Structures are given as structure tokens and as C-alpha cells.
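1. below are the sequence and a predicted model; questions follow.
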Amino acid sequence: MPISDYFAKYGEADFRRGEARIVAKLLEKGPQVLATGGGAFCDAQIRAVVARKGISIWLKADADTLMTRVIGRRDRPMLNTSDPGEAFRRLLAQREVFYSQADLTVHLENRQRNKVIRAILDQSDAIVRVLNSRG
């Protein structure tokens, strides 16, 4: 079911509960890269399970770059408003408080995918420090 239909039928709270269950289940399967939706890391339960089972990396980009990726997409129910740009800026401002709690931050700076991967790998020392701090 498309996310927008799920939101309309069951609401955001139910969607977020299901999202938390799925993230926890996926993280039980061992090492992997798990890219969540923008609202997932705002959930305290998801942040906690990620802290126990993985490393969180905030792929940070400026609002204009992010907006070009999501505005106009019908699968973004929280942006289906009369002013999606304003809704997006408001959501981003609310969510950055949570995103900033990630273990690492990689600034995207309009990089190509392989350069983003390289930027993450360049932080391998920091990744090891995070892992060692968790025992």
C-alpha cells in the first residue's frame, strides 16, 4: 500500500509503530546498510535500537537540495499541503534536532553517490571509535 494511502487509512502513529517494528527486525539480521525514511530517526524507539545494533549516519544536505528531491512526489503524505515547500522546511527544522543525534554526519554537498560512500568510508576511524565505545 502506498505510504500516502496508509497514512490516510491508519494514520501516522500506526505507520510509525510499524516502521519501528520493521527497523528493529531488520537490525537483528546483522551487518547491513539500512536507509530509513526521514521521520524514522525522530522516533525514540528507533534511535535506541539503532544505538544498540548499529551506527547512525546523518547524510546532511541543505534544504534546497533536499526539497528538489521530494517536492512534487505524491508518495510524501506530509508534504501534500497547499504549500509543500513550507511544510518541508517546517519538518526539516523539527527533525534536525533528532538527526543531529546521529553518531556521524556526512555533508552531501551535491556529491555523487560514489563520493558520498567515500566520505563515509573516510570516517572509518570515527566508526571504530563509536563501536568501541559501545563495548
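-> That came in fine, so what should we check first? Numbering: from 1, shown residues only.

2. contact partners of stretch 51-63?
-> The contact list for stretch 51-63, computed with Cβ atoms under 8 Å, 6 or more residues apart in numbering, reads 27-28, 34, 41, 47, 50, 88-89, 92, 99-110, 116, 120, 127, 130-131, 134. For the C-beta atoms, the positions are set from N, CA and C on the backbone; glycine is no exception.

3. could you do stretch 117-133 as well?
-> Where contact means Cβ under 8 Å, 6+ apart, the residues beyond stretch 117-133 that reach it are Ile55, Ile57, Asp103, Leu104, Val106, His107, Arg111.

4. mind redoing it with 7 Å?
-> Contact with stretch 117-133 is made by Ile55, Ile57, Asp103, Leu104, Val106, Arg111, as judged by Cβ atoms under 7 Å, 6 or more residues apart in numbering.

5. is Val116 in contact with Leu108, as I believe?
-> Yes: contact criterion Cβ atoms under 7 Å: Val116 and Leu108 qualify, at 6.2 Å.

6. tell me the helix or strand right after the helix-or-strand element of the chain with minimal mean pLDDT.
-> Within the chain, confidence by mean pLDDT, DSSP states H and E is lowest for helix 63-70 among all helices and strands, at a mean of 83. Beyond helix 63-70 in the direction of the C-terminus, DSSP states H and E gives the next helix or strand as helix 84-99.

7. note down every partner strand of the helix or strand just after that next one and its orientation.
-> Scanning forward in sequence from helix 84-99, with DSSP H and E defining helices and strands, the next element found is strand 104-107. If you go by DSSP bridges, strand 104-107 pairs up with strand 57-60 (parallel).

8. cool, thanks, signing off.
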